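K.L.:
the sequence and its predicted three-dimensional model are supplied below.
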Amino acid sequence: MGSFGGMEVLIIGLAILLFFGAKRIPELARGLGQGMKEFKKASNEIKKELEEGQKEGMDSTSNSEENTQKKQQD
């Protein structure tokens, strides 16, 4: 299965136009765009939280290593 050609895209576009009508297509496109925006925002927030968690984990690991070294020196 390859990618869609020009004729397939045209047929799909006409089918969507007939099925939903010209007035509903802009509303559907707007809703799809908002959904994609919210999804991207949520995924970016999750990535940010994961990165912060990794930083905190690294900080606590280095702090515990320093405490262990200090205890060994005493």
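P.N.:
Everything's here; your move.

K.L.:
so which residue is dead centre in this structure?
P.N.:
Ser43 (3.4 Å; CA atoms, centre = their mean).

K.L.:
and His23, backbone torsions?
P.N.:
To be clear, residue 23 is Lys; His isn't right here. According to degrees, to the nearest 10, the main-chain angles of Lys23 amount to phi -80, psi -30.

K.L.:
quick one: the residue nearest to the centre of the chain from Glu56, how far?
P.N.:
Taking CB to CB, to the nearest Å as the measure, Ser43 and Glu56 are separated by 21 Å. For glycine as for every other residue, the C-beta is placed from the backbone atoms N, C-alpha and C.

K.L.:
now do Phe19
P.N.:
Going from Phe19 to Glu56 by CB to CB gives 50 Å.

K.L.:
repeat for Gly13
P.N.:
Gly13 sits 49 Å away from Glu56 when distances are taken as CB to CB.

K.L.:
next: Gly35.
P.N.:
Relative to Glu56, Gly35 is positioned 32 Å away (CB to CB).
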